[in-house]
Each structure stands twice: as C-alpha cells, then as structure tokens.
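J.: sharing a model prediction with you, sequence too.
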Number of protein chains: 6
Amino acid sequence: MVDVGAKEITVRTARAAGSVLLGPEAFDALRRGACPKGDVLATAKVAAVQAVKSTPALIPMCHSILIEAVKVDFALKEADHSVGVTVVVKSSGKTGVEMEALCGVAGACLTIYDMLKYTGKGMTLDRIRLLEKTGGRSGDYRRAE
Amino acid sequence: MVDVGAKEITVRTARAAGSVLLGPEAFDALRRGACPKGDVLATAKVAAVQAVKSTPALIPMCHSILIEAVKVDFALKEADHSVGVTVVVKSSGKTGVEMEALCGVAGACLTIYDMLKYTGKGMTLDRIRLLEKTGGRSGDYRRAE
Amino acid sequence: MVDVGAKEITVRTARAAGSVLLGPEAFDALRRGACPKGDVLATAKVAAVQAVKSTPALIPMCHSILIEAVKVDFALKEADHSVGVTVVVKSSGKTGVEMEALCGVAGACLTIYDMLKYTGKGMTLDRIRLLEKTGGRSGDYRRAE
Amino acid sequence: MVDVGAKEITVRTARAAGSVLLGPEAFDALRRGACPKGDVLATAKVAAVQAVKSTPALIPMCHSILIEAVKVDFALKEADHSVGVTVVVKSSGKTGVEMEALCGVAGACLTIYDMLKYTGKGMTLDRIRLLEKTGGRSGDYRRAE
Amino acid sequence: MVDVGAKEITVRTARAAGSVLLGPEAFDALRRGACPKGDVLATAKVAAVQAVKSTPALIPMCHSILIEAVKVDFALKEADHSVGVTVVVKSSGKTGVEMEALCGVAGACLTIYDMLKYTGKGMTLDRIRLLEKTGGRSGDYRRAE
Amino acid sequence: MVDVGAKEITVRTARAAGSVLLGPEAFDALRRGACPKGDVLATAKVAAVQAVKSTPALIPMCHSILIEAVKVDFALKEADHSVGVTVVVKSSGKTGVEMEALCGVAGACLTIYDMLKYTGKGMTLDRIRLLEKTGGRSGDYRRAE
C-alpha cells in the first residue's frame, strides 16, 4: 500500500456513474415497484453507501479514509430500459475517493440486478466509470464523454 | 430475504464475465508488469475470491452460502486494450451463486482499475454480466451473446 | 463456543420484537416520510437483514449458520408514538436462530433512531425480546405476554 | 449519508445505557459466574467495544469515525434481577458518537442474553437510550430522567 | 479457491497451539490480573473465537465453513515466563479446519501481546503450529514433537 | 479501550517480522512457484495488507487508525528452509501501529501455511515479534536481537 503520509489533507470529491441495462420486463417491474424482495432503489442506495464504506476491505491496496458525504442518485431511462446510477463521495484526507465512488456504483448496480433477477438473468452492468474528481496533488479531473 | 427453506440442495454453478477498457497506456503497464503497487492480476484474483465470499455482506438480500470453488481467469485483448475477467463459482445449496460470480467479477475489475489508475483515470468497467448458470429450480441458463 | 456437532439438523424459526418510543415529533416525521437521510423503514429493513447475517460477528459465542429467510415488519402506533419492529428468521441447522432475530430487531431499532435523531435525542429502544421459537432439542417456546 | 465536511473537529462524547431484565434464575447464574460459555461480563465488554467500532457497518447512514476511548460498565440490581449496561464513547471528529454508544449498549445486552439464555429465554432488553452527549454543533444534551 | 465439491461431509477437528514468550514483567502482570485494559485471557479467548470465525476473510483461499465448536485453553508456564495457547475447532463439512485452529491461536496470541505491551514490547509469538487433525480424505495427522 | 484523546498526533511507524519454517518440500514448492492455489507470496502480501487494515476487528482493544503505508517483504532462506516476513506500517495518529504490523506478519505467515499445506502440515510459524517502532509518547524502540 503506497505511502500517502507526505500528502496534504485536502477536500476531495469523486463522482462516478454506471448503469444497468434492464430490458423491458425488469424495467417495468422497477417502475411499477413490483419487486417482491422490497423497494429496489432504497435497498440499492443503502448498498451503495455500505459499499463506499467497505472499499478498503474490497480493494486490497486502498487506504482507509473517513468519508464525509455520500450521495446516490438513480435515473430511469425508458429509451433503452436502463437505470443509471451516480454516486458522489466527499472526504478530507490524504488520498482520493475515486475507488469509493466506483465501489458505490458497483454495489448499487449489483443490488439492482439481485432485486430484479427474478424477471430474467440477461441484465448487464454497463460502463461503470469515474466522471469527475477534485482535490489532491494530481489536480481535478473531468472525463471527456 | 425470501424463504429458500423449501428449495432442494443441488450443485449450482455460475459463470460471469466483464472487462476493463484500459486504454493503451494502462494496457501496456499491465502487460509489462510495471505497476508499482504490485502484481495487478494476482491482486485482482484475490480481490475476486474475497468479493465472492463477501457477497452476503455487499448485497443486502443475498443469502449466505458455502462456496465450494472459485475460478478466476483473465484475458488481455490487445485489439481494444482491454482485460477480460471471468469468474466461475460452485456451491451445493438451496440458492444460486449468480450474485457471487457477478460480485467476483466486479471485485476484480475494480481492483484492476485501482492498481492501474496511476496511468490515467479514464478506464471503464464494461459489460459485467452472467454468462451461464446451472442447477436449482429455475434450471440452466446460458446467455445468448 | 459450545459443541453443537451432535445436534440434529432441523428447521428452526425465531420471532423477536421490540419498539422505539419515538415521541410526537419523530413519530410525525416518520409518518410523513420527512427524514432528510432517506426512507427510514426501508433503510431499517436492510439494517435488520444485515444485522441478522452479522450475528456471529457481533455476538462472540454465536455459531455461524445459513439463514434461509428473514422477514421484517413495522407497525406505527399512534397511541404511544412508537414504532414496533418484528423480525422472523428461519434456518435449517444445528443451532437456533433466536440471537439472529434479536440482532435483527436491535439493528432495525438503532437505525430508526439514527435516521430520526435529528428531531431529538430522547427516543428509547424498548422491550427487545424473543416472542417465539420453534425447532431444536429444547422444543418450541412461546413467550407469555 | 449527510455531508459533515463543513463541521468542526471537536471532542465529542456520548454516554448511553440500557439493561437486561434477567429474572431470578439468570441473575443468579450471572452473580455466581456459573455460565458454561465463559465469563459473561468480560465477553459482553468485548462485544460492546467491537459493536462500537462496527457502528458504520451496522447502521447504514453512520459515518466512519476514529474512536478514542470506550468505557463499559455493568451494574447488577438485585431488586429487579437486572443488569445495567453503560457505555461511554469519546472521539475527536466531525460527527457525534451517540450511535456508537447505543450500539455498544445493544452489543453488550445481546451478548448477556446469549450467554445466559440456557437458563430461559424470557429475558428482555430494556430501555436502551442516550443519557448524555457533549461536543458538536448541536451542543450538549442531557436526558431528563 | 480449489474445488471441494466432490469431498465427503465428515466430522473434522483440528488442534493447534502456540505461545507468547512474555518475559518476567508481563508474566507477572498477567498472573496478578493487573492489566488496565481488562481481563487478558477472557479477552484473548473471545479474540480466538472471533478469529476462528473470521478465517475465510483473513486467509484468501480458505473456504467458508460452519464451525460447530471452538475450545480455547491457556497455560501459564513460570519456567520460561510464557503463556501457551491451545485451540480446538470442530466442524462437519467438506474441508478441514486446520486454518481455523491456527487463526484462533494467532488471534489469541496477538491479543495477549496487545493487552500486555504496556509492560514492554519485547514479547515474541512462538511456534504457532498444528498439533493434530482428524477427518477428511487425507486422514488423521498428529505432529511428532 | 483506553483513552488516547489527549495523545499527540505524530508520525508513527512499526516494523515487525516473523517466519514460517517450511521444511524442504514446501520450501521447494514455494521456490519453484508450484502451488496449485496460485502465487503464494503475492497472495500472502495481499493477506498481510488486509490483516493490517483489519486489526481493530481482530484485536478487541485496538483503536481504529488511518494507515498511510504498508510495506511487505519476503526472504527465502535456504539454510533452514524458511521464509521470513517483514511488515512495515506507517500512520499519523494518536496511537501506535505495532499491533497492525504484527497482525500483518501473522496474516502473511498464516496464508503461506494455507497455500503450502498440501505439501505437509508440519510447518511452524516462528518468532513473530516487533523489531522497531518510532513516534508516540513512549518514544522509539528497537529490539535487541
């Protein structure tokens, strides 16, 4: 685990996104709130926050960090029967929170899959990626999309 | 968490896959074994196995299950500068291991991202999906690709 | 940890309950769905399920067990401005699931407190107890209330 | 998870309490140190400290925090055959430790139940509540009892 | 993680041991029960049981398993100012419990070190090893000492 | 858990070591990279880092701490067919990282045992100890060896 001791304590944020390509049947079940396992997006939101906090256990070389804020948003897109997930993480520390934001997106997407897989197993987790980060020695980053 | 008590104990397998679109620079670093954090694929393999075993903690409505085997494979693809991840999970129990295989793929992909993000943050986790499952009441499934 | 090796594998269930004495302000916030942290009861339900699964980590001398079902129910009681929590756990194994059901109730009650403490810190977790269990060598139990 | 980034780093303490209504038989077993599973209160003390440290994993919207001190005390009360649990938690950070103290009390009470349930399952976890907190923007709090 | 699916479910036990070379000062503190952090051996016993249950999280390629019994014993040896730790683990499953017993010994030894390091940091964890195992395809094993 | 609130935040390091006495057969398998479970030392390195980060969960009275760096090194010694493990941990905080370094060594040694136990179960974890620490109120320490 690389040495971050000499890094400055700065405010750091990261915004990551991804989506689950649901297909028409799962998309319909999600929109109607029909899932027998419970509220899909409320459960996925909790899973995202817990995945953010579990990042150092999941990703071997990640440093522990004190997370100050997590924001999770979902967007249903009828056009391609998908649900988009965006996670924003904020911290003040010596290391960035990109992995935390990406883990949060993965946790939410996997949970959406789990809650809706009774409608069919053909869903796909698509394009999990970092959109933006701020703070830290390497400066700000914004993905060109 | 839905009741699986009446389900039969059968041998169950699941095979999931996904990839990380690395781009030329990260692809080159991976192929040359240049990562300063350590051996990328050996670390990702451990992360995959640990993610498989952590599935009930990550995915709120997943049942605990005794995993009997995990197999993790990687394939570098020069054509699109990507690395493919395949995880096969096997168990004998009352519930399937699809989520375990998907969590394993996500854990490996996120770890590859983490180990290589020093080369640039534009990598994308792509198309994490179930390829095949066997066993259980719902029968076998093979994704049409 | 006592030896359960010689015990029979039987279907075991446990039902536990408890409540949070909210007071008028928190009760009103809960009923109106006004909590800024998110959906209180959906979050508490996930916390209950995760606490059930975490029981062997929380309670030192508890055996690991494969949980087959968890059911979480809430009941708002205007009379005393409280919310009741009931958790039913089911398993097939060599040891009972009383502690799992009690941990689930505690996890839900603590989460309700956390989500609503912005309205005031005077809430009380009240009468967390086992209502009923079935299966196992010691036979069935039903609490006299 | 709400944003605490702008909050001040101050010394924060919280004191929570609760009790287990044991009944005469379990009370006697506890006082005589007769539990076959081991030392009840020493085990409950460890469970309390571990529950304090596990709070962000148990309570979905809780922030991680660096705990500086945990103090766990027990008081046997012959009058009602109960054992009282008090947990004091201290930290220097941007968010309070009320949930940590409450989780500690719950962890200790549940462990006492587990260690003594061989004497009977009718015990009740009673009145888990916050007694006092200091530090933080919302100022000090002392429960009127 | 190697495939154990075809293995037989048998009763399996493992007995491991190790010791902490304390030196006269720590030995005396342990014998007098003088440790300000609490009861050293009761705490180490809990740590051993929790380490046994955490083995699949600690040791990457270890299978999850349902532990049926854990027994932890300590022996103070004045002759060399050491404390010996023995852990016996029992399970019925498809894979052995050698690693669980060894993890339990390591967890207890590390905790004894932690509780007593206020007397000096020169203690040594010594000769952690498997003494005996029974059950499983490879048959019984008894270490020649 | 003792109160460290009044302690100074200083840079703290700890270096711990230990070894696994492998015997000729396991030593040969390690040197040849013949282990069917995967890369022994790469896996042990990940296990060491994860054990360092898990220290507050493993050792009951250990404080949580933000680790800034972990360095894991291995040395094969043909003379006695052993492999030495050294772990260096660095942090800036109110409490030392001795236990973190020792847990890292134990995690690596146990993982080496697990990966190589197919060659025989007679291996021994030997002399896990603190070699050096710097920072903190008690000053620097260097073990006389």
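T.: Nice, I can see it. Numbering: from 1, shown residues only, chains lettered A, B, ... in the order given.

J.: quick one: the strands in chain A, in order.
T.: Counting by DSSP state E, one finds strands in chain A at the ranges A:10-21, A:67-77, A:82-93, A:124-134, A:141-142.

J.: thinking A:Cys103 is in contact with A:Thr55, fair?
T.: Yes - applying Cβ atoms under 8 Å, one finds A:Cys103 in contact with A:Thr55, separated by 4.6 Å. Yep, even glycine has a C-beta here, placed from its N, CA and C like the rest.

J.: compare neighbour counts for the two and give me the winner.
T.: A:Cys103 (32 against 25; other Cβ atoms under 10 Å in any protein chain shown).

J.: the nearest residue to A:Glu68 once chain neighbours are set aside: neighbouring residues, count only.
T.: Excluding the flanking residues, the one nearest A:Glu68 by Cβ to Cβ, 6 or more residues apart in numbering or on different chains is D:Gly5, at 4.1 Å. Each residue near D:Gly5 was counted by other Cβ under 10 Å, and the total is 15.

J.: show me the contacts for the residue in chain A positioned nearest to chain D.
T.: Closest residue of chain A to chain D, Cβ to the nearest Cβ: A:Ala69 (3.6 Å). Taking Cβ atoms under 8 Å, 6 or more residues apart in numbering or on different chains, we find A:Ala69 in contact with A:88-90, D:1-5.

J.: mean pLDDT added to the strands of chain A, as a markdown table?
T.: What follows is the strands of chain A, written out as a markdown table (pLDDT from 0 to 100):
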| stretch | mean pLDDT |
| --- | --- |
| strand A:10-21 | 97 |
| strand A:67-77 | 97 |
| strand A:82-93 | 96 |
| strand A:124-134 | 98 |
| strand A:141-142 | 96 |
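
J.: of all the ones you listed, which lies closest to C:Glu25?
T.: For C:Glu25, the closest of the strands of chain A is strand A:67-77, at 25.2 Å, according to Cβ to Cβ.

J.: ok so, going back, quick one, grab the pLDDT at the residue nearest to the residue of chain A closest to chain D when sequence neighbours are not counted.
T.: Using Cβ to Cβ, 6+ apart and skipping the chain neighbours, the partner closest in space to A:Ala69 is D:Asp3 (3.6 Å). For D:Asp3, the pLDDT comes out at 92.

J.: also A:Arg31?
T.: Confidence score, pLDDT, at A:Arg31: 96.

J.: list the contacts for it?
T.: Residues near A:Arg31 by Cβ under 8 Å, 6+ apart: A:Leu76.

J.: contacting residues for the residue nearest to A:Glu68?
T.: Going by Cβ under 8 Å, 6+ apart, D:Gly5 touches A:11, A:68-69, A:90-92, D:94.

J.: and those residues, which are buried?
T.: Buried members of the contacts of D:Gly5, scored by 16 or more other Cβ atoms under 10 Å in any protein chain shown, are A:68-69, A:90-92, D:94.

J.: between those, which sits nearest A:Val49?
T.: Of all the buried ones among the contacts of D:Gly5, A:Ala69 has the smallest distance to A:Val49: 10.3 Å, by Cβ to Cβ.

J.: from A:Ala48, how far out is the closest one?
T.: 13 Å (Cβ to Cβ, to the nearest Å).

J.: make sure A:Lys53 is actually in contact with D:Ser64.
T.: Yes - between A:Lys53 and D:Ser64 a contact is recorded at 6.1 Å, counting by Cβ under 8 Å.

J.: between those two, which contacts overlap?
T.: A:67, D:56.

J.: contact partners for A:Thr111?
T.: Per Cβ under 8 Å, 6+ apart, neighbours of A:Thr111: A:40, A:43-44, A:47-48, B:59-61.

J.: chain center to stretch A:137-145: distance?
T.: 18 Å (Cα atoms, centre = their mean, to the nearest Å).

J.: ok, and what's touching that stretch?
T.: Residues from elsewhere that reach stretch A:137-145 (Cβ under 8 Å, 6+ apart): A:7-8, A:96, A:129-134, B:121-122.

J.: CA atoms only: put that stretch into PDB for me.
T.: Taking C-alpha atoms only, stretch A:137-145 is exported to PDB below (Å, rounded to 0.1, in the frame of the first residue of the first chain):
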ATOM      1  CA  ARG A 137      -1.900  16.500  -5.700                       C
ATOM      2  CA  SER A 138      -2.900  15.300  -9.200                       C
ATOM      3  CA  GLY A 139      -5.500  18.100  -9.500                       C
ATOM      4  CA  ASP A 140      -9.000  18.000 -10.900                       C
ATOM      5  CA  TYR A 141     -10.200  15.500 -13.500                       C
ATOM      6  CA  ARG A 142     -13.300  15.600 -15.600                       C
ATOM      7  CA  ARG A 143     -14.000  12.800 -18.000                       C
ATOM      8  CA  ALA A 144     -14.500  13.700 -21.700                       C
ATOM      9  CA  GLU A 145     -17.700  12.000 -22.700                       C
END
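
J.: mind listing what's buried along that stretch?
T.: Buried residues in stretch A:137-145 (16+ other Cβ under 10 Å): A:Tyr141.

J.: just give the nearest non-adjacent residue to A:Ala42, would you?
T.: A:Ala42 sits nearest to C:Ala42 (Cβ to Cβ, 6+ apart), 3.6 Å away.

J.: from what I can see the one you found touches A:Val40, true?
T.: No - between C:Ala42 and A:Val40 there is no contact under Cβ under 8 Å: 10.0 Å.

J.: out of these two, which sits in the more crowded spot?
T.: A:Val40 (23 against 17).

J.: go ahead and confirm the more buried one touches A:Cys109.
T.: No - assessed by Cβ under 8 Å, A:Val40 is found out of contact with A:Cys109, at 11.6 Å.
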